[in-house]
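[1] only geometry, no sequence info:
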């Protein structure tokens with residue numbers, strides 16, 4: 001054992017010596033290329049534009065040196081966290097690989113430490129001792145025989161210890177990391193990725209994946225790591241600008257993207273769902289329009305059936321506007337036959353009305369040139385001018401907004417509603433007249449744009465990552481699937497946390513039918529919670545029984561903490577004074593993030609005013625996730641986590657009587673990493 005330890009210490013020192021050398025080399029390279037870039041900038045600004053290509057080359061080399069310098073600086077403090085010894089069965093060769101957060105090279109070609117995203121690293125996360133294999137999901141696997149799997153405890157640039165294990169990171173190591181504050185947890189997560197999480201991270205990008213994960217199972221973390229993994233291994237197939245993260249609010253998106261630089265992920269797109277549909281409307285979306293929250297009519301408009309009926313309405317309009325009959329000329333006779341036109345109509349089912357009419361005009365030009373081949377050029381040009389734009393002139397004059405109002409009016413006539421629903425729909429129409437549109441209105445407008453005016457298929461999004469996917473109705477997903485047929489989706493969520501009970505998803509059945517249509521597509525489960533202590537998990541588990549009827553259960557990591565603190569007070573003022581004392585205790589424990597969670601935005605505003613004289617508050621309610629104490633409504637905390645959570649007047653007694661309110665309470669309770677306080681008056 002002592003010999004083994006000495007060898008490990010020698011290897012650790014050797015790695016640090018190589019990294020020191022790398023740091024000197026990359027610092028020199030960065031200084032050199034940075035100076036070149038500055039000089040070239042000056043020359044170009046002075047008028048020597050021929051140096052532009054040299055500037056681009058120098059800037060690229062400067063960026064590479066900067067990135068390499070950053071990776072080696074981070075690696076010097078923690079070069080690696082794992083090691084595998086194995087036999088490559090194809091080559092009959094013994095291998096030893098150290099695995100770290102960053103890939104480090106000895107020289108220009110030889111690897112010193114393998115990047116956690118490299119294909120070989122999956123052996124550390126997934127394989128048990130004995131026969132196994134590794135490789136990218138879309139390639140032939142390489143067979144191996146694993147002899148050793150070792151995990152290291154490294155901190156502050158020093159090797160503290162190690163242990164050999166048949167699993168990548170056992171609960172003991174997880175507990176060590178999870179017991180720290182939130183920032184420390186995010187920094188160490190790569191070394192504690194679990195097998196079921198790793199399977200999702202390394203799934204082929206050429207597949208649609210739906211992941212049901214209980215609160216605290218690492219859904220968001222897995223999604224971030226999946227993006228990092230795919231960028232690293234499939235850079236030849238997808239550019240970084242083809243990736244997009246989609247969420248329900250800006251606070252969640254800011255929280256997600258704040259962790260991406262740690263994972264060597266560049267600035268990729270992130271959009272709220274309504275912003276995504278606005279993007280898909282392209283220029284048809286008017287800047288003077290206003291996005292509003294869904295109203296009481298949203299449950300009627302968020303369904304797949306509603307969007308399918310809109311789609312059928314649009315397909316009928318397509319037939320109405322596109323003349324597929326015979327097209328003749330007095331001198332040339334038949335230019336386009338009805339059968340040819342009908343074939344075009346049938347063989348291009350996704351082409352919009354504008355596109356089809358343009359294609360017919362192009363056919364007219366081609367046919368005229370064919371029928372008049374050999375004639376004088378002036379005659380041909382005259383005939384082309386005579387028939388120019390025949391089909392283009394048949395384009396609908398109505399805007400996508402006009403189509404939507406027409407459809408809604410017809411839909412209301414064809415679907416008898418209760419007097420209350422009818423009144424709400426009339427109110428909704430008045431909001432549309434004021435150019436106020438909610439998520440499902442904008443989804444409908446995007447579908448109309450796609451069927452009526454879109455000229456080219458949308459190729460902006462290669463990979464979409466949906467977080468908190470249960471918050472959106474099936475109608476939104478139906479439109480996405482229609483508009484982005486070539487895009488691959490990673491959909492993460494928990495139907496037990498659906499805070500939009502009447503518009504979101506309460507099961508995955510319909511979504512699976514819509515997206516999981518090929519052999520590679522899959523539905524996966526994350527049932528183990530890594531966020532909460534046993535005490536918080538057990539408390540939340542009782543709420544979960546009411547929220548999801550026991551369909552999905554929490555399996556917590558064995559990490560004990562303090563009991564859930566339930567208190568009753570006489571008044572808000574007494575409760576505010578208690579919170580002030582409680583925050584002092586929380587800060588003394590080293591916790592850096594606390595959420596005071598209220599039932600609504602109105603109550604959150606009132607509580608902020610009440611507490612502002614007692615404790616310092618941060619501006620988390622302004623879509624900016626940060627350290628400190630934030631007062632937030634339940635609807636904004638989903639997907640986030642905090643060291644400690646205080647529930648303000650949650651009404652636990654009556655909240656469990658209905659699944660929609662039980663889901664809200666479940667969301668609120670499961671935000672806490674270490675402490676949960678429930679205060680009522």
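    Arrived safely, thanks for sending. Not measured: the values here are computed from a predicted model. Numbers count the residues shown, from 1 in each chain.
[2] Tell me which helix or strand residue 300 sits in.
    Taking DSSP states H and E as the criterion, residue 300 maps to helix 298-301.
[3] helices or strands up against that helix?
    helix 439-452 (3 or more C-beta pairs under 8 Å, 6 or more residues apart in numbering; DSSP states H and E). C-beta: built from backbone N, CA, C; applies to glycine.
[4] check which helix or strand covers residue 41.
    Secondary structure from DSSP H and E places residue 41 in helix 2-45.
[5] lowest-confidence helix or strand of this protein?
    helix 182-188 (a mean of 45; mean pLDDT, DSSP states H and E).
[6] Counting neighbours, which bits of the helix or strand just after that one end up buried?
    Following helix 182-188 in sequence order, the next helix or strand is helix 195-201 (DSSP H and E). With burial defined by 16 or more other C-beta atoms under 10 Å, the residues of helix 195-201 counted as buried are 196, 197, 198, 199, 200, 201.
[7] Kindly report the same for stretch 128-141.
    So stretch 128-141, judged by 16+ other C-beta under 10 Å, has buried residues 132, 134, 137.
[8] In CSV, list those residues along with secondary structure, distance to residue 283 and pLDDT.
    Conversion of the buried residues of stretch 128-141 to CSV gives the following (DSSP: H, G, I helix; E, B strand; the rest coil; distance: C-beta to C-beta, whole Å; pLDDT from 0 to 100):
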residue, secondary structure, distance to residue 283, pLDDT
132, strand, 53, 90
134, strand, 47, 90
137, coil, 38, 82
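[9] which one among these gets closest to residue 476?
    residue 137 (28.3 Å; C-beta to C-beta).
[10] I'd say that closest one and residue 204 touch.
    Yes - if you go by C-beta atoms under 8 Å, residue 137 and residue 204 touch, sitting 3.7 Å apart.
[11] for the stretch 501-650 of the chain, which spans come out with low pLDDT?
    For the stretch 501-650 of the chain, applying pLDDT under 70 flags the ranges 546-554, 556, 558, 620-626.
[12] for residue 336, which residues make a bridge with it?
    Applying DSSP bridges to residue 336 gives these bridge partners: residue 327.
[13] could you give the angle of the helix or strand hosting residue 405 to helix 439-452?
    Secondary structure assigned from DSSP H and E places residue 405 in helix 400-414. If you take axes from the mean of the first three to the mean of the last three C-alpha atoms, to 10 degrees, helix 400-414 sits at 110 degrees to helix 439-452.
[14] which residues sit against helix 400-414?
    For helix 400-414, contacts defined as C-beta atoms under 8 Å, 6 or more residues apart in numbering pick out 281, 284, 306, 309-310, 313-314, 317, 396, 398, 422, 425, 429, 432, 441, 444-445, 448-449, 452-453.
[15] let's see it at 6 Å
    284, 310, 313, 425, 444, 445, 448, 449 (C-beta atoms under 6 Å, 6 or more residues apart in numbering).
[16] repeat for stretch 55-73
    Under C-beta under 6 Å, 6+ apart, the answer for stretch 55-73 is 19, 22, 23, 26, 29, 30, 33, 34, 36, 37, 40, 102.
[17] tell me which residues in the longest strand anywhere in the chain are buried?
    Determined from DSSP state E, the single longest strand within the chain is strand 142-155. Residues 142, 144, 146, 149, 150, 151, 152, 154 are the ones in strand 142-155 that count as buried (16+ other C-beta under 10 Å).
[18] how much space is there between residue 254 and residue 645?
    19 Å (C-beta to C-beta, to the nearest Å).
[19] Between those two, point out the one with more neighbours.
    Neighbours were counted for residue 254 and for residue 645 using other C-beta atoms under 10 Å; residue 645 has more, 25 against 17.
[20] Since that was my last question, I'll sign off now.
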